[in-house]
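> Sequence and predicted structure below; questions after.
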Amino acid sequence: AGYRANGEDYRVIQNLAQLREIEADMDGRYVLGNQIKGGNASFRTLGDGVNFNGTLDGLGNSISDLSVYGTSGYVGLFGVNDGILRNLNLDHVWVSGAQSLYYNTQVGTLAGVNLGTISNVKASNVRVTGASYFNSLGGLVALNLQNGSIENSSASGMVVGDQYTYAMGGLVGENIANAKGVARIENSQAAVVLNGQLSSDLRHYGAGGLVGSNIGGRIANSKSAGALQVSGDNLNLGGLVGYNNGGNLSNVESSSSVTGQGLNGLYGGLVGLNRSGEIINAKASGKISGSGSEAIGGLVGKNLYSAIITSSATGDVSDLRGRYLGGLVGYNQGGALTNALATSNVTAGAGAHLGGLLGYNSDAPLVNVSARGKVTADGSRAIGGLVGYNLNGPITGGSASGAVADSRGLYVGGLLGYNKGGSHTNLSATGNVTGGRESRVGGLIGANLDALLNNASAKGNVIADKAYAIGGLTGWNQGGRLENLEASGNVSGKEAQNLGGLIGISSGATIINVKASGQVAGGDAAVAGGLIGNSDDVAISNARASGKVSGGRNSYVAGLIGVLGRKATVENSSASGDVQGNHAYYLAGLVGSNSGTLRNTSASGKISGIATGMGGLVGFNQGGVYTSSASGRLEPQLQGQAYGGLIGRNFGKQSQNTVYGDATKAPFIGRDFSF
């Protein structure tokens, strides 16, 4: 029978026998004249060693109920397609590489290898397995190579790997460009159960819901769904693509759940390992989990020198033995992120670096990025609402909302756990932050070193018992320039060492135009301040604190700064919060113990309790106090205390200072040893 279209003649295929006859002319043109049901017959790959260079148009008809096998290295309905396959449905076609004796076998439902064009092909209820040594598996095609093009096509069913499988994908096992052309997949999808095993120690291969390995290829307007559960050490596993090297992914989406089993894996809701590729307009929504992974992320597990633009992830991320975990990316090195969002809960165990957006970020700019979700761990190295560990990665427009908690974490922050270097602007964090023993904990940043920070805020309570440093904005700050900052959450920690409404402890920094309004509650031996707990070698100007500050035995407690070192200066600053202490060393409206220089400062809060020295402005002074004032009421609760409207105990210099209001009811200086 014949068929003619667009001036060309086609041979009509109506049964399996005629389908087999295609082998007689692999350059011919064919159409399916009707549905072809195989009755579960075994069917050897067409060509089985010879390329198909012709055209097969299914005209919307289907081939169903076949068990396909091959004896060459390319197994599928066609071994190698270098022609055109279009408008075809495959249903209940099962393909296995078991009978192939080749070292490297490509197994796919439609074709082992595609060098030509595939369009409008739908493969449903497929099952693809490989049993030869070193095999690649795909729900539709195992290897899409060179100028191979797959458009408007799909696959659903199951792809099962074994210890010999090096790449497998729901649609395509490998999509590889080379000097002869760029392999493309467009407007295609897969909804496949991907399970089994992948050969270990093959970092340049992977398993993915759509494509296992994409090397230099282009994937656009495509998506994946299904459940991916794959085992193997050093595994690259992604909801869409397992391994992407130099490939371009645009307008792609995955809802696949991803479960990796094995050590040192890279798992992502979209891509497991993304190296020197670009991801644009991508979404991932599946849950991601591992057991001993190296890096795991809601969108990408590990991202190396690859831009991610206008992309998001919503699936929860967890691995109690993982090293780097992020709501969007687990580990990011040198890859710029722009307009990125994660709305995921992230959960890790001991030793991890984790964040609501990124677990680890190095030398990569982040622009307009945000995370919304809970971030929790037990004994992490660094944990943050946005980024766990940030090294020289400048952030412009970064936000996080949600609780961050690790009672045994080292660096804990509402936005960044640990930050070193970089220039950061327009940052915010909203949510309670919880740390623990010896930790550095901040409402925005746990530890901040040598960074420029401008226009940042934190809203949320910060709690960390037995911590080293706790701050409403930053727990520990060293160096850098901090400007236009605000914190409004309460700060507390039983047996914590350094507590501040803005910063727990700071050295070597310039701090300008900052304010804190939360209450600060320290325990015994605490250094607590409404703005900063402990500071030295700092220059502070235009600072304000309004929250109540309290401490226990042997503590330094003050409305602005608990302890100010001798290389420090404070200018044009004030505190209005009440100060209370029980058997403290020093209590004061502005600075508990001052060895630096105060100029044009004021305090108006009430000071009450028992202390060695109590002052309306300064409790203990061995520095300089100039053109400053105090007006708060002093309520010493033990006779014989040294208390003064301005200074409790003075060993330093002071001039042109005034007291007024309730402060005038106390001596100007409680005990003056400056003469």
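Now that the structure is in, tell me what you want to look at. Everything numeric in this text was worked out from a predicted model, so none of it was measured.

> tell me the domain boundaries of the chain?
1-197, 551-675 (automatic domain parsing).

> And residue 71, what's its pLDDT?
Reading off the confidence values, residue 71 has pLDDT 84.

> ok, now the one 3 residues further on?
In the prediction, the pLDDT value recorded for residue 74 is 93.

> Packing partners of the helix or strand where residue 63 lies?
With elements taken from DSSP states H and E, the one containing residue 63 is strand 62-69. Applying 3 or more C-beta pairs under 8 Å, 6 or more residues apart in numbering; DSSP states H and E, we find strand 62-69 packed against strand 36-44, strand 84-96. To be clear about C-beta, it is placed using only N, CA and C from the backbone, and glycine gets the same treatment.

> any idea of the angle the longest one forms with strand 62-69?
Spelled out, it's strand 84-96. 50 degrees (axes from the mean of the first three to the mean of the last three C-alpha atoms, to 10 degrees).

> swap in the shortest one?
Compare the direction of strand 36-44 with that of strand 62-69 by the same axes, to 10 degrees and you get 20 degrees.

> So in that sheet, which strands flank strand 36-44, and in what orientation?
Strand pairing for strand 36-44, determined by DSSP bridges: strand 62-69 (parallel).

> how about the strand it pairs with as PDB, C-alpha atoms only?
The C-alpha coordinates for strand 62-69 follow below in PDB (Å, rounded to 0.1, in the frame of the first residue of the first chain):
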ATOM      1  CA  SER A  62       0.600   3.600  18.100                       C
ATOM      2  CA  ILE A  63       2.800   0.500  18.400                       C
ATOM      3  CA  SER A  64       2.100  -1.400  21.600                       C
ATOM      4  CA  ASP A  65       2.800  -4.500  23.700                       C
ATOM      5  CA  LEU A  66       6.300  -5.200  22.500                       C
ATOM      6  CA  SER A  67       9.400  -6.600  24.300                       C
ATOM      7  CA  VAL A  68      12.400  -5.100  22.400                       C
ATOM      8  CA  TYR A  69      15.900  -6.500  22.600                       C
END
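
> give the contact list for residue 423.
Contact analysis of residue 423 by C-beta atoms under 8 Å, 6 or more residues apart in numbering lists 394, 451, 452, 454.

> Residue 673 too?
649, 650, 651.

> Just name the closest of those residues to residue 224, please.
Distance to residue 224, by C-beta to C-beta, is smallest for residue 649 among the contacts of residue 673, at 70.5 Å.

> how far is the helix or strand that closest one falls within from where the chain is centred?
Take DSSP H and E as the rule and residue 649 turns out to sit in strand 647-650. Averaging C-alpha positions (C-alpha atoms, centre = their mean, to the nearest Å) puts strand 647-650 50 Å from its chain's average.

> and what of stretch 65-83?
Put simply, stretch 65-83 sits 41 Å off its chain's centre (C-alpha atoms, centre = their mean).

> now the end-to-end length of that stretch.
24 Å (C-alpha to C-alpha, to the nearest Å).

> Give the buried residues for it.
For stretch 65-83, a neighbour-count test (16 or more other C-beta atoms under 10 Å) marks 65-66, 68-70, 72-83 as buried.

> With stretch 447-467 instead?
Buried residues in stretch 447-467, counting neighbours by 16+ other C-beta under 10 Å, are found at 447-454, 456-467.

> what's near enough to touch residue 402?
Per C-beta under 8 Å, 6+ apart, neighbours of residue 402: 345, 356, 371, 372, 373, 374, 375, 385, 430, 431.

> that older thread, a markdown table please, covering the helices and strands packed on strand 62-69 and showing mean neighbour count, distance to residue 163 and mean pLDDT.
Formatted as a markdown table, the helices and strands packed on strand 62-69 follow (neighbours: other C-beta atoms under 10 Å; distance: least, C-beta to C-beta, whole Å; pLDDT from 0 to 100):
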| stretch | mean neighbour count | distance to residue 163 | mean pLDDT |
| --- | --- | --- | --- |
| strand 36-44 | 15 | 25 | 95 |
| strand 84-96 | 22 | 16 | 97 |
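
> picking up where we left off before, name the residues that touch the strand holding residue 649?
Outside strand 647-650, the residues touching it (C-beta under 8 Å, 6+ apart) are 586-588, 611-615, 617-621, 625, 641-642, 644, 654, 668-674.

> What subset of those residues is buried?
By 16+ other C-beta under 10 Å, these give 586-588, 611-615, 617-621, 625, 641-642, 644, 654, 668-670, 672 as buried.

> out of those residues, which are inside strands?
586-588, 611-615, 618-621, 625, 642, 644, 654, 669-670, 672 (DSSP state E).

> so where's the protein shaky on pLDDT?
1, 99-102, 132, 200-203 (pLDDT under 70).

> which residue is nearest the centroid of it?
residue 358 (2.1 Å; C-alpha atoms, centre = their mean).

> Quick check: bridge partners of that residue?
With DSSP bridges as the rule, residue 358 is bridged to residue 329, residue 387.

> what residues are up against the residue nearest to residue 323 when sequence neighbours are not counted?
Spatial nearest neighbour of residue 323, chain neighbours left out: residue 294 (5.5 Å); criterion: C-beta to C-beta, 6 or more residues apart in numbering. Shown in contact with residue 294 (C-beta under 8 Å, 6+ apart): 264, 265, 266, 301, 302, 322, 323, 324, 330, 331.

> residue contacts, the third one?
Spelled out, that is residue 266. When contacts are counted by C-beta under 8 Å, 6+ apart, residue 266 touches 235, 236, 237, 272, 273, 293, 294, 295, 296, 301, 302, 330.

> any idea how far it lies from residue 282?
Distance, residue 266 to residue 282, by C-beta to C-beta, to the nearest Å: 17 Å.

> try the fourth one
Here the criterion is C-beta to C-beta. By it, residue 301 lies 14 Å from residue 282.

> Same drill for these two, tell me which one is more crowded.
Using other C-beta atoms under 10 Å as the criterion, residue 301 and residue 282 rank with residue 301 on top: 39 against 24.

> Need the CA coordinates for the helix or strand containing that one. PDB is fine.
Mapping residue 301 onto the secondary structure by DSSP H and E places it in strand 300-304. C-alpha atoms of strand 300-304 as PDB (Å, rounded to 0.1, in the frame of the first residue of the first chain):
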ATOM      1  CA  VAL A 300      20.800  22.200  42.400                       C
ATOM      2  CA  GLY A 301      23.000  20.000  44.500                       C
ATOM      3  CA  LYS A 302      26.400  21.500  43.500                       C
ATOM      4  CA  ASN A 303      26.700  24.500  41.200                       C
ATOM      5  CA  LEU A 304      30.200  25.300  39.800                       C
END
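
> What strands line up against that strand, and which way round?
Note on strand 300-304: by DSSP bridges, its sheet partners are strand 271-275 (parallel), strand 329-333 (parallel).

> Need the residues that contact it.
By C-beta under 8 Å, 6+ apart, strand 300-304 touches 236-238, 265-276, 279, 293-295, 297, 308, 324, 328-335.
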